[in-house]
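A.B. asks: Structure of the sequence below:
(one chain, ligands or ions: 1)
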Amino acid sequence: MRKYELKNFIPTHEFELAPLADPTPAYTYFNTVLQGQNNLEGVIRAVLAECSCQIEGGTKLVGLEQFEDRVEVKLLRRRRLSDEDETVTTETARYDWVIGAGGAHCTVRKQSTFIFDGETRVIGRLVVGDIHVNGLKQKYWHLWEDASDVPITLRPTEVPGLFHLGIGESF
Ligand SMILES: Cc1cc2nc3c(=O)[nH]c(=O)nc-3n(C[C@H](O)[C@H](O)[C@H](O)COP(=O)(O)OP(=O)(O)OC[C@H]3O[C@@H](n4cnc5c(N)ncnc54)[C@H](O)[C@@H]3O)c2cc1C
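C.D. replies: Numbering: from 1, shown residues only. Got it, this is the predicted structure:
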C-alpha cells in the first residue's frame, strides 16, 4: 500500500497490507489476492461451469413451497428481446432441495420464515466506483489519509489504468 497526505501526490509511506507467507495445511490459501469486482463474477461463473452449473440470468425466485419429498419453486423469467421489448413468463419447478443464497433480503429465507435478527445502522457514508486514472502506478493500492478528513483509496484492478475508488469512513 502506498500512502499520501490528503490533497497531494507525494508518497509518505509504503507498507505491506498482508505480508506474503507460505501456505500451510491449515491455511492452504493464506495470501491475499486483490481481485477486481468486475472480474469476480467471471471467475465464479467459470468455477460453477466446472461443476456443470450455469447461472440463469433474468430469473427471479418469487415463491417457494416445501413438501415431505421435494421443494416447489415459482420462477419469473424475464427475457429482453430489444431495448423496448421483453417477455415475462412464470414457471414452476421441482427440486429435491433448495439453497437460499439471495443475500440479505433472501426470498428463500423469508418464505422459509427464518428470522434475520439485527438492525441497520448508518455509521458513515461510502462512495465507491471504478474510474480510469492516467499515470498512477498499478503496483500499489493508493491511500490518501490524514486525521482531519475521510480517507480516499484507489485500488488497482486487472485492467491497466482502471482503479476502484473508495471514499468513506470504513476504509
Ligand atoms: C459497497 C459494498 C462493499 C463491500 N465490501 C466488502 C469487502 O470489502 N469485503 C467483504 O468481505 N464484504 C464486502 N461487502 C459485503 C459483501 O458484498 C456481502 O457480504 C456478500 O456479497 C454477501 O454475499 P451473498 O452471496 O450472501 O449475497 P449477494 O452477493 O447479495 O448475492 C445474492 C445474489 O442473489 C440474487 N438474488 C436475490 N434475490 C433473488 C431472487 N429472488 N431470485 C433470484 N436471485 C436473487 C442477487 O441478484 C445476487 O446476485 C461489501 C458490500 C457492499 C454493498
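A.B. asks: For residue 85, see how far away the residue of the chain found nearest the ligand is.
C.D. replies: Scanning the chain for the residue nearest the ligand gives residue 103, at 2.7 Å (criterion: Cβ to the nearest ligand atom). C-betas here are computed from N, CA, C, even on glycine. The span separating residue 103 from residue 85 equals 29 Å under the rule Cβ to Cβ, to the nearest Å.
A.B. asks: go on, residue 2?
C.D. replies: Counting by Cβ to Cβ, the separation of residue 2 from residue 85 is 49 Å.
A.B. asks: So the two - more neighbours on which side?
C.D. replies: Neighbours around residue 2 and residue 85, counted as other Cβ atoms under 10 Å, are more numerous at residue 2. The numbers are 17 against 8.
A.B. asks: And for the residue lying closest to that one once chain neighbours are set aside, the neighbour number?
C.D. replies: Of all residues not flanking residue 2 in the chain, residue 140 sits nearest, at 3.9 Å (Cβ to Cβ, 6 or more residues apart in numbering). The number of residues packed near residue 140 is 15, by other Cβ under 10 Å.
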